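*Asks:* Need a 3D model of the sequence below.
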Amino acid sequence: MYELILTSNAQRDLQRLDASIRTQIRHKLEWLRENCDKRRHTALKGRHKGKFRFKAAKDYRILYTFNRKTRVLTVSRIQHRSKVY
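*Replies:* As a prediction, this is how the structure comes out:
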């Protein structure tokens, strides 16, 4: 299992969401934390190169990085798909 770290931007993004969406995203983050080694990660290009995306809730995306050696999963942004990229 990975250690989950939310950056200050990700924490702020999460706090601004409706309670129902926030709950869905928290469940997705927990699932990602437990299954990070098992899933196929979608890498991003351009200004987000080096980060990965994960679909959470209906139209929300989680941008994250992970390190298999240290077992750390760092979430940098959680936003609507129209704003995150």
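
*Asks:* what lines up beside whichever strand or helix holds Phe54 in the sheet?
*Replies:* Secondary structure assigned from DSSP states H and E places Phe54 in strand 52-56. Note on strand 52-56: by DSSP bridges, its sheet partners are strand 42-43 (antiparallel), strand 60-67 (antiparallel).

*Asks:* Deepest-packed of the ones you listed, please.
*Replies:* Neighbour counts (mean count of other Cβ atoms under 10 Å) averaged over each of those peak at strand 60-67, with a mean of 20. No exception for glycine: its C-beta is placed from N, CA and C like everyone else's.

*Asks:* quick revisit: got TSV for the strands paired with strand 52-56, with mean pLDDT and distance to Gln15 too?
*Replies:* Formatted as TSV, these follow (pLDDT from 0 to 100; distance: least, Cβ to Cβ, whole Å):
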stretch	mean pLDDT	distance to Gln15
strand 42-43	96	25
strand 60-67	97	14
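
*Asks:* now these in a markdown table, with distance to Arg77?
*Replies:* A markdown table is the format used below for the strands paired with strand 52-56 (distance: least, Cβ to Cβ, whole Å):
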| stretch | distance to Arg77 |
| --- | --- |
| strand 42-43 | 15 |
| strand 60-67 | 4 |
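
*Asks:* nearest to Lys49, of the ones you listed?
*Replies:* strand 42-43 (8.0 Å; Cβ to Cβ).

*Asks:* Go ahead and name everything in contact with that closest one.
*Replies:* Contact with strand 42-43 is made by Lys49, Lys51, Phe52, Arg53, Phe54, as judged by Cβ atoms under 8 Å, 6 or more residues apart in numbering.

*Asks:* Please apply the same query to stretch 76-85.
*Replies:* Contacts of stretch 76-85 (Cβ under 8 Å, 6+ apart): 7, 9-10, 13-14, 17, 25, 44, 48, 51, 53, 56, 59-65.

*Asks:* How far off centre is the one helix or strand Ile5 maps to?
*Replies:* According to DSSP H and E, Ile5 maps onto strand 3-6. How far strand 3-6 lies from its chain's middle: 10 Å, per Cα atoms, centre = their mean, to the nearest Å.
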